[in-house]
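Undergrad: Requesting a structural model of the entry that follows:
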Amino acid sequence: MTAGLPDVVPAADLPSRIQIVEVGPRDGLQNESKPIDAAAKIEFIDRLGAAGLTVIEATSFVDPGWVPQLADAGQVFPAISPRPGVRYPVLVPNMRGFQRAVAAGASEIAVFGSATEAFARKNLASTFERQFDMFRPVVDGALERGMRVRGYLSMCFGDPWEGPVPVYDVVRAGKRLLDLGCAELSLGDTIGVATAGQVSALLGAFSEAGVGPDRLAVHFHDTYGQALANTLTALRFGVTTVDASAGGLGGCPYAKSATGNLATEDLVWALTGLGIDHGVDLPVLVATSVWMARLLGRPSPSAVVRALAAGAM
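TA: Residues are numbered from 1 along each chain as shown. Predicted structure coming up:
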């Protein structure tokens, strides 16, 4: 190992390049109890871009009563200084959120669905069936404007109210989001209970249903320390888009058992060691997470951040 990077030993059964979707500014900050002001959020997004991340989910135009930490979306998004080649998608829950996002200048959105009835009721104030009716005009409106739409699907491996989620239910819900017009489907392990075998089974089921890995992304939480192992399993299935959060920030405000996302730094360390291209400058990213940890007043959850920045926090 030299200069804070791992030795490189490529693996033949893995993709040559991975697209990282950085969700720290949205999913990472939405569950923080300490308020982060708009200026710091804008700087966070800029620092992530400077680290080489090319897809940065900037914020969410959700009702402030549901996610008060992102109540300033309308202030933050227009103030971003766009970097060439960097995309800044935003999450929208419904038509009102979509209209706010368009007014703020967003050119790419994501909608957030549930694979289970219980989570749809608690998270979306809807039902499993009605959520698709809610998303349809949002997706249609975005596509009419030439906007790219991503679909998130939560509770793909376990639900705190319903328990294990049948693979068929996840595939059925995911295909419905894709059929609405979503360009990509991100499969979320919202409470972090998935294991590698479950990941293999779900991706295999999507393949059998005619949905290849080129349409899929993975979004793992690290509640039980399985996020990186699950990600590597997905890569072996041909998935090339991975969601991660700088410093391991994140959680779900509606699922209290959910802890942080897969740390972008932990992912980058593993990808670098495997010889997989990702485009991220790890030292710059670590410095960004050290900076954010200081703002939040606590150490970063990321093992790689702690290892590379020992004594710096």
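Undergrad: Could I get the full set of helices for the stretch 201-313 of the chain?
TA: Taking DSSP state H, counting those that start in this stretch as the criterion, the stretch 201-313 of the chain carries its helices at 227-236, 264-273, 282-296, 303-308.
Undergrad: Show me which positions of the last one end up buried.
TA: Of the residues in helix 303-308, those buried under the neighbour-count criterion (16 or more other C-beta atoms under 10 Å) are Ala303, Val304, Val305, Arg306, Leu308. All C-beta spots, glycine's among them, are computed from the backbone N, C-alpha and C.
Undergrad: if we can go back for a sec, which of the helices of the stretch 201-313 of the chain sits most buried?
TA: helix 264-273 (a mean of 24; mean count of other C-beta atoms under 10 Å).
Undergrad: Specify the angle between it and helix 282-296 in degrees.
TA: 170 degrees (axes from the mean of the first three to the mean of the last three C-alpha atoms, to 10 degrees).
Undergrad: between the buried residues of helix 303-308, which is nearest Phe119?
TA: Distance to Phe119 across the buried residues of helix 303-308 (C-beta to C-beta) is lowest for Ala303, with 28.9 Å.
Undergrad: Quickly note the distance from that closest one to Phe61.
TA: 33 Å (C-beta to C-beta, to the nearest Å).
Undergrad: what's the answer for Leu124, then?
TA: In terms of C-beta to C-beta, Leu124 sits 15 Å off from Phe61.
Undergrad: what's the closest non-adjacent residue to Leu282?
TA: Of all residues not flanking Leu282 in the chain, Val268 sits nearest, at 5.2 Å (C-beta to C-beta, 6 or more residues apart in numbering).
Undergrad: what's the one you found in contact with, if anything?
TA: Ile20, His278, Val280, Leu282, Leu285, Val304 (C-beta atoms under 8 Å, 6 or more residues apart in numbering).
Undergrad: Pipe the residues you listed into a markdown table and attach distance to Cys182 per row.
TA: Output for the contacts of Val268, formatted as a markdown table (distance: C-beta to C-beta, whole Å):
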| residue | distance to Cys182 |
| --- | --- |
| Ile20 | 19 |
| His278 | 24 |
| Val280 | 25 |
| Leu282 | 31 |
| Leu285 | 28 |
| Val304 | 31 |
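Undergrad: chain center to the helix ranked longest in the chain, what's the gap?
TA: The residue-count maximum for a helix in the chain (DSSP state H) belongs to helix 128-144. When distances are taken as C-alpha atoms, centre = their mean, to the nearest Å, helix 128-144 is centred 20 Å away from the chain's centroid.
Undergrad: Good, we can wrap up now.
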